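> One predicted model, sequence on top.
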Amino acid sequence: MKKVLEGSHAVSEAVKLARVRVVSAYPITPQTHIVEAISEACAEGSLDARFICVESEHSAMAAAIGASSGGVRTFTATSSQGLAYMHELLHWASGARLPIVMAEVNRALAPGWNIWMDQTDSLAQRDTGWIQLYCEDGQEVLDTTLMAFRLAEEVNLPVMVVLDAFFLSHTWEPVDVPDRESADRFLPAFFPRVVVDTANPCNMGQMSPPGVYMEMRHSVQMAMQMAGECLNETEDAFYRVFNRKYGRIEQHLCEDAEIVLVAAGTAVGVCREVVSGLREEGEKVGLLKIRLFRPFPSKIVSEVLKRARKVAVIDRNCSFGVGGIFAQEIKAALFNSDHRPGVYSYIAGLGGRDITPDTVREIYRITRNTEKPEPESVWIGLRPDE
Amino acid sequence: MKPFDIPQNDYMYSGHVGCPGCGAAIAMKFALKALGEKTIIVMPACCWGVMSGSHPQTALKVPILHTAFASGAAAASGLRAALDMRGDTETTVMTWAGDGGTFDIGFQALSGAVERNEDFIYACYDNEAYMNTGVQRSSATPAGARTTTTPGKDWKRTRKKNIVEALAAHRITYAATASIAFPEDMILKFKKAKSLKGGSRFIHIFASCPTGWRMPSEMSVKIARLAVRTNLFPLYEVEEGVRYTLNYTGDRPVKDYLKLQGRFAHLTDQDMDAIQKMVDEDWKQLQKKI
């Protein structure tokens, strides 16, 4: 049924449909609407789950780890500082192979205090062993959240569903909300592979000396390597029930494109519009949307991009000392490719600054008119020195 | 207290990698005798995190879920919720943490869980410093003690944090102190804690550490007994944060306890008198509440 939903509530609706049993969360703007709606559902009985109002994000993830180890479907949500505070336990959740799903609303990190859109928070967690999926609109948020549970439980890795602060979390859009029966058909009840059980006492997460630790790490990497293919299968299953799919990436008008723009999150929507406009003007431009960031779909990314002459990557984040994080991944993906297009790295829209069609057009113009990429990321829209 | 039979069942295997004379090993043995096999232990980083065995071994016959240092009470909250949602209300969830994981880094999570009145037992085996990392001071280290981070003339001047009073201030369902030198008392308290299911329960166990306290391993139980007999570690219970029961009254001066341990060897008679004064003050405060 079509409903007009806030992006945050698209997450909450999916969590309800997923029949999550334990939710632990701590408030942080702009994530709070997600868990408020879930706690209301628990209170009114439309969701049969325990909602634990923990006293910090560190405890939110620790409680999620405890609950997931106890064998039930588990969810949490956070943003920015909260995600940074969880960092230690993000490693724990993946190392323990727990299928926790978390909604993460991309928000800037302090100082100075800034509650607006920025990707650095989630991208800084890229080495924690979490699958990361970036969403473009409200429908994709709902669908991805539902898919995330099935994917997580298939590969026994936690999944982070990432959505832009405000541009997505607080924006109301028409969203097709699946009915109960279809959701159950897509996502069956959770049967954990391993569970803490007094009938079968195990020592879980114990000391693991050099003789065994490396194999444990390798198992996480193996699961990650499988996750891309598992996402495809999950999407196929989703498509069979709901007739919608998104892919690990989406290529838009890339076949004959000389310049391909690369983006993730809501900036993709702006890029779509600009690409259409530029095409009408006769420009050979395409768009590559990155939805799956971890595991990074290097192979298909390089397949798509090797046909282009130039690639312009729009990063709403910065790894200080290197530059845009998506650009680094793209460069790494292309390095062993036979044909390597020039990778132009742009940083734009940090801390909630808008990425407008003009921003994207400027990025396109610079890319087209510059023979070789700059050695460092180019910052777009910086105010001139006053 | 009437004498009673200590349960014969043991939920600890004979092997573990604790130091000789480890008070924490004795504490675990008695706690599990009281709680029985339907118990899951949540274990943040602590000596027991190592003692319970390296992969793929275990020293216990009940499940252990290890968790990050600061998260003992939070992980237990989540596990309890999962068991409840699966319809298992019988199994006892017990966090088993050292003093660092309880008094210091895990205190926020503990306070949060107790304020929410999570249905679990939190047991802290207190060996009065970070022993697993090589004897660094914690907020459970008592006044007068030398540790590797309160060395030489900088031995610890401040008092030990009173964790039971801090939890009583949360109006916790049940809080009690226990000592490895008083096994019947400890087993009764764990049994009582188990029976008070429904709310948070906290047991603070005095667990001597021959390695960190610089004393012979065979002195472990004797020292623990002296801590109680000198009123330095009184045995008592608090229900709902207000109803106090004193289980033992000491009769010995605190220097009898201090003089047996290397960590206090530097103290002068004057220093020991000052510590005696602290103990007397605390004892008086406690008696007012009985």
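Perfect, I can see it now. A quick note: this is a predicted structure, and the numbers were derived from the prediction, not measured.

> Leaving out chain neighbours, which residue sits closest to residue 25?
Went with chain A since none was named. A:Val35 (4.1 Å; Cβ to Cβ, 6 or more residues apart in numbering or on different chains). All C-beta atoms are positioned from the backbone trio N, CA, C, and that covers glycine.

> you looked at the wrong chain, it should be chain B
That would be B:Gly18: by Cβ to Cβ, 6+ apart, it lies 4.5 Å from B:Ala25.

> residue boundaries of the strands in chain B?
For chain B, applying DSSP state E gives strands covering B:39-43, B:64-66, B:92-98, B:121-126, B:174-179, B:201-206, B:236-239, B:243-246.

> Relative to the whole chain's centre, how far out is the second one?
When distances are taken as Cα atoms, centre = their mean, to the nearest Å, strand B:64-66 is centred 18 Å away from the chain's centroid.

> same question, stretch A:318-336
17 Å.

> Show the end-to-end separation of that stretch, please.
Using Cα to Cα, to the nearest Å, the end-to-end distance of stretch A:318-336 comes out at 24 Å.

> So for that stretch, mean pLDDT?
For stretch A:318-336, mean pLDDT is 97.

> How about stretch A:275-294?
On average, stretch A:275-294 scores 98.

> so how far is chain A from the nearest residue to B:Thr177 once chain neighbours are set aside?
For B:Thr177, ignoring the flanking residues on the chain, the nearest one in space by Cβ to Cβ, 6+ apart is B:His204 at 4.8 Å. Distance, B:His204 to chain A, using Cβ to the nearest Cβ, to the nearest Å: 21 Å.

> Equivalent analysis for B:Ala169, please.
The gap separating B:Ala169 from chain A is 16 Å, by Cβ to the nearest Cβ.

> In space, what's closest to B:Ala34 - neighbours in sequence excluded?
Using Cβ to Cβ, 6+ apart, the closest residue to B:Ala34 is B:Phe190 (3.4 Å).

> residues touching that neighbour, list them.
B:30-31, B:34-35, B:121, B:123, B:178, B:203 (Cβ atoms under 8 Å, 6 or more residues apart in numbering or on different chains).

> Looking at these, which is nearest A:Ala10?
Nearest to A:Ala10 out of these is B:Ile121 (Cβ to Cβ; 40.0 Å).

> Next one: that closest one from B:Thr39, what distance?
9 Å (Cβ to Cβ, to the nearest Å).

> what residues are shared contacts of those two?
Jointly contacting B:Ile121 and B:Thr39 under the rule Cβ under 8 Å, 6+ apart are B:92-94.

> got those as TSV, with pLDDT, distance to chain A and neighbour count columns?
Listed next are these as TSV, based on pLDDT from 0 to 100; distance: Cβ to the nearest Cβ, whole Å; neighbours: other Cβ atoms under 10 Å in any protein chain shown:
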residue	pLDDT	distance to chain A	neighbour count
B:Thr92	98	9	24
B:Val93	98	9	27
B:Met94	98	12	26
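
> so which residue of the stretch 151-290 of chain B comes closest to chain A?
Residue of the stretch 151-290 of chain B nearest chain A, by Cβ to the nearest Cβ: B:His170 (12.1 Å).

> nearest spatial neighbour of the residue of the stretch 101-250 of chain B at minimum distance from chain A, skipping sequence neighbours?
Here the residue of the stretch 101-250 of chain B nearest chain A is B:Gly112; by Cβ to the nearest Cβ that distance is 3.1 Å. Once flanking residues are discounted, B:Gly112 sits nearest to A:Glu55: 3.1 Å by Cβ to Cβ, 6+ apart.

> wait, what's in contact with the one you found?
For A:Glu55, the contact set (Cβ under 8 Å, 6+ apart) comprises A:26, B:108-109, B:111-112, B:115.

> Give the buried subset of those as a ChimeraX selection command.
In ChimeraX, a selection of the buried entries from the contacts of A:Glu55 looks like this (16 or more other Cβ atoms under 10 Å in any protein chain shown):
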select /A:26 /B:108,109,111,112
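
> how about JSON lines for the contacts of A:Glu55, with distance to A:Gln125 and pLDDT added?
As requested, these are exported to JSON lines (distance: Cβ to Cβ, whole Å; pLDDT from 0 to 100):
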{"residue": "A:Tyr26", "distance to A:Gln125": "17", "pLDDT": "98"}
{"residue": "B:Gln108", "distance to A:Gln125": "22", "pLDDT": "98"}
{"residue": "B:Ala109", "distance to A:Gln125": "21", "pLDDT": "98"}
{"residue": "B:Ser111", "distance to A:Gln125": "27", "pLDDT": "98"}
{"residue": "B:Gly112", "distance to A:Gln125": "23", "pLDDT": "98"}
{"residue": "B:Glu115", "distance to A:Gln125": "29", "pLDDT": "98"}
